[in-house]
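**Student:** Got a predicted structure here, sequence first:
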Amino acid sequence: MKSSLLLVPFILFTFNKLYSQNTLFDDTRVSSVYIDINPDSLEVIMTDVLSDHYFSARFIYDYGTTRDTVNNVGFRLRGNTSRYSQKKSFKISFNTYVSGRRYQGVKKINLNGQHNDPTMIREKLFYDSWKKAGMVERRTSFVKLYINQAYYGLYTNLEEFDKDWLQRVYGENDGNLYKCTYPADLVYLNTNQQTYKDIQSSSATGGRAYDLQTNENEDDYRDLVDLIVVLNHKVDTAFARLVEEKINVDSFLKAFAIDVASGNWDDYMYNKNNYFLYHRADTDKFEFISYDTDNTFGVDWVNRDWATRNSLDWYTHHEPRPLASKILSVPAFMDKYIRYLDTIAREIINPAAIFSHIDSLKSLITDAAIADTYRTLDYGYTVSDFHNGFTAAIDIHTPYGIKPFLTKRYTTMLQQLATYSVPELAFASSTPFLFPNPAGELLTVQILPLKNDRQVSLYDLSGRKLKSYILQRKQSELTVSVADLKPGVYLLVTEHDGRTASSRFIKK
């Protein structure tokens, strides 16, 4: 796949699987988690759904080649609306009853049931895309959950956002970590810390909307208030300097672009929900992290078409979102955001880049998903719904299959970006994407449709033209035979209006 032409520092990781010594988050297989718990405790957990009390249980992790047992772990429900679902989500704590204890380097893990996703991969797919974009990793894998020997279904196993995670991804964990949930809009009210502490979350279990997760004893919100004060500043040259002193603007813009590209509307930008802010002690700047990302890749609960929504005008306008609106009002920041959008569209959500990974996730979990009867209880999802959910609409809140959503989102984003006045974007809009790459017998050329016909030519690396085609105006795809080519590297060149663009491909 061709590298992006855009001049923005952007670390990309492939979707290839890499084995890790940490088997807890090995996402190349579906391991098994066994919970043995007193039946009376389990009944309380399942009926008192708003309780965060941990009950003692035995945890067994079966990796296939190894089997570990950890006694006296904490076990409880987790989540928001999922607490009321028939397929519950759970949190496991290794240090509740044994202070400081960790299992494979973590104190807690989250098991999410994905009860509203017929494919069960959307949250995992988001975090894989997040990592591929060079963002700080939240490790995820799939597991089969058994409670008192009964199969409770397929779950996504997610790393906890805590001080251990901060140390792993940032190399320090001394700063304030805020978990921000609805209605955490970062709107300025006054300079009194208590004002922001008193804003209550709408989550099922309540608590603060700006909830400090570290340094709780100090309970010092001065850094958050300082950020909000800066966001209340009028947009001028001073604002650009001030906001860059308070937050990692590059990382925020990239996070925003990933949310927009994946259709993650249940976020800060649209729904003032589901994000972390971490004030790094070493840089003295906030980092922005998206989380709770199951409402992505075509899931909708608010009657919007997230596949076609304008990526240049994503955040809601009927109420303030200063972190988005103020930063994107700075032309240099807006230009960088546009470049991130373009790169993420071409390198991450491009069907040529992501479909094979989706297929591998589906193949990995199919047997465990089909055997999971709990996933059928909330929305009646059948085995056919599981399979069809990758390619077709299933119900009102999943109006897109994952692949059709990505196909439309990718095309729509490039069309929207082509209207923006960044010269290299207009040129990049004509750059062809080729798949499969390497190619065997057939090569598909995917390109943004233009108003005029263009010529498509195949060259070897010596510059000799081997084949030539005409791509009709407004046509976005062309499939050509390369079966007669010798194995090697070739160049595909498109020409229109006196301009050329090219991509390399490998004939295997």
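**Tutor:** Noted; the coordinates are in hand.
**Student:** State the number of residues packed around Phe126.
**Tutor:** For Phe126, the neighbour count with other Cβ atoms under 10 Å is 25. All C-beta atoms are positioned from the backbone trio N, CA, C, and that covers glycine.
**Student:** right, I mislabeled it, should have said Gly105
**Tutor:** Using other Cβ under 10 Å, Gly105 has 13 other residues around it.
**Student:** One more: Arg464?
**Tutor:** As a measure of burial, Arg464 has 8 neighbours, counting by other Cβ under 10 Å.
**Student:** Dihedrals phi and psi, it?
**Tutor:** Backbone geometry at Arg464, expressed as degrees, to the nearest 10, gives phi -80, psi 130.
**Student:** do Arg83 as well
**Tutor:** Residue torsions, per degrees, to the nearest 10, at Arg83 are phi -60, psi -30.
**Student:** Return the residues in contact with it.
**Tutor:** 49-50, 77, 89, 204-205 (Cβ atoms under 8 Å, 6 or more residues apart in numbering).
**Student:** What distance do you get for it to Gly74?
**Tutor:** 17 Å (Cβ to Cβ, to the nearest Å).
**Student:** what does Asn215 give?
**Tutor:** 22 Å.
**Student:** and the contacts of Arg83 as CSV, adding secondary structure and distance to Leu312?
**Tutor:** Converted to CSV, the contacts of Arg83 look like this (DSSP: H, G, I helix; E, B strand; the rest coil; distance: Cβ to Cβ, whole Å):
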residue, secondary structure, distance to Leu312
Val49, coil, 41
Leu50, coil, 40
Leu77, strand, 40
Ser89, strand, 35
Ala204, coil, 34
Thr205, coil, 36
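**Student:** would you list the residues you listed in a markdown table and tack on distance to Tyr278, pLDDT and neighbour count?
**Tutor:** Below are the contacts of Arg83 laid out as a markdown table (distance: Cβ to Cβ, whole Å; pLDDT from 0 to 100; neighbours: other Cβ atoms under 10 Å):
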| residue | distance to Tyr278 | pLDDT | neighbour count |
| --- | --- | --- | --- |
| Val49 | 29 | 96 | 15 |
| Leu50 | 27 | 95 | 11 |
| Leu77 | 26 | 98 | 20 |
| Ser89 | 24 | 98 | 21 |
| Ala204 | 24 | 85 | 14 |
| Thr205 | 22 | 88 | 14 |
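**Student:** Going by distance to Lys124, which of the residues you listed wins?
**Tutor:** Nearest to Lys124 out of the contacts of Arg83 is Ser89 (Cβ to Cβ; 14.0 Å).
**Student:** So between Asn215 and Gly74, which is more surrounded?
**Tutor:** Gly74 (20 against 15).
**Student:** Name whatever forms a beta bridge with the more buried one.
**Tutor:** On the basis of DSSP bridges, Gly74 takes part in beta bridges with Ser56, Ser93.
**Student:** residue ranges for the helices of the protein, please.
**Tutor:** Remark: helices assigned in the chain by DSSP state H are 39-47, 122-132, 163-170, 193-197, 222-231, 237-246, 249-262, 268-271, 322-328, 331-344, 351-370, 383-388, 402-417, 423-428.
**Student:** Just to check, Asp294 is in contact with Asn116?
**Tutor:** Yes. In this structure, Asp294 is within contact of Asn116 by Cβ atoms under 8 Å, at 6.9 Å.
**Student:** Of all the helices of the chain, which one is nearest Leu434?
**Tutor:** Across these, closest to Leu434 is helix 351-370 (Cβ to Cβ), at 7.1 Å.
**Student:** Could you export the closest one as PDB, CA atoms only?
**Tutor:** Coordinates of the C-alpha atoms in helix 351-370 are reproduced here as PDB (Å, rounded to 0.1, in the frame of the first residue of the first chain):
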ATOM      1  CA  PRO A 351     -11.200  -0.900   2.500                       C
ATOM      2  CA  ALA A 352      -7.900  -2.000   0.900                       C
ATOM      3  CA  ALA A 353      -6.200  -1.600   4.200                       C
ATOM      4  CA  ILE A 354      -8.700  -2.800   6.800                       C
ATOM      5  CA  PHE A 355     -11.000  -5.400   5.200                       C
ATOM      6  CA  SER A 356      -8.500  -8.200   5.500                       C
ATOM      7  CA  HIS A 357      -8.100  -7.400   9.200                       C
ATOM      8  CA  ILE A 358     -11.800  -7.400   9.700                       C
ATOM      9  CA  ASP A 359     -11.900 -10.800   8.000                       C
ATOM     10  CA  SER A 360      -9.200 -12.100  10.300                       C
ATOM     11  CA  LEU A 361     -11.100 -10.900  13.400                       C
ATOM     12  CA  LYS A 362     -14.300 -12.600  12.200                       C
ATOM     13  CA  SER A 363     -12.500 -15.800  11.500                       C
ATOM     14  CA  LEU A 364     -10.900 -15.800  14.900                       C
ATOM     15  CA  ILE A 365     -14.100 -15.400  16.900                       C
ATOM     16  CA  THR A 366     -16.700 -17.200  14.800                       C
ATOM     17  CA  ASP A 367     -16.900 -20.500  16.700                       C
ATOM     18  CA  ALA A 368     -17.000 -18.700  20.100                       C
ATOM     19  CA  ALA A 369     -19.600 -16.200  18.900                       C
ATOM     20  CA  ILE A 370     -21.900 -18.800  17.400                       C
END
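**Student:** tell me which strands and helices that helix is in contact with?
**Tutor:** strand 30-37, helix 122-132, strand 140-147, strand 150-159, helix 383-388, helix 402-417, strand 433-435, strand 442-446 (3 or more Cβ pairs under 8 Å, 6 or more residues apart in numbering; DSSP states H and E).
**Student:** Could you tell me the least trusted of the ones you listed?
**Tutor:** Sorting the helices and strands packed on helix 351-370 by mean pLDDT places strand 433-435 lowest, at a mean of 71.
**Student:** pLDDT weak spots in the protein?
**Tutor:** 1-21, 421-431, 433, 448-451, 474, 476, 497-498 (pLDDT under 70).
**Student:** now the helices of the chain as CSV including distance to Leu145?
**Tutor:** Below are the helices of the chain laid out as CSV (distance: least, Cβ to Cβ, whole Å):
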stretch, distance to Leu145
helix 39-47, 13
helix 122-132, 15
helix 163-170, 22
helix 193-197, 36
helix 222-231, 36
helix 237-246, 41
helix 249-262, 26
helix 268-271, 29
helix 322-328, 37
helix 331-344, 33
helix 351-370, 10
helix 383-388, 17
helix 402-417, 23
helix 423-428, 45
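**Student:** closest one to Arg102 among those?
**Tutor:** helix 163-170 (7.2 Å).
**Student:** and Phe405, what is it in contact with?
**Tutor:** Here Phe405 is in contact with 263, 297-298, 306-307 (Cβ under 8 Å, 6+ apart).
**Student:** which among these gets closest to Leu242?
**Tutor:** Of the contacts of Phe405, the one sitting nearest to Leu242 (Cβ to Cβ) turns out to be Gly263, at 31.7 Å.
**Student:** Phi first, then psi, for that closest one.
**Tutor:** phi 70, psi 30.
**Student:** Number of residues surrounding it?
**Tutor:** Counted with other Cβ under 10 Å, residues neighbouring Gly263 total 26.
**Student:** Which residue is the nearest non-sequential neighbour of it?
**Tutor:** In space, Gly263 comes closest to Trp306 once its chain neighbours are excluded; the distance is 3.7 Å by Cβ to Cβ, 6 or more residues apart in numbering.
**Student:** Check Phe405 too.
**Tutor:** Using Cβ to Cβ, 6+ apart, the closest residue to Phe405 is Gly298 (3.5 Å).
**Student:** Tell me, how many residues neighbour the closest residue to Leu227 other than its chain neighbours?
**Tutor:** Among residues not flanking Leu227 along the chain, Lys246 sits closest, at 4.9 Å (Cβ to Cβ, 6+ apart). Counted with other Cβ under 10 Å, the neighbours of Lys246 add up to 18.
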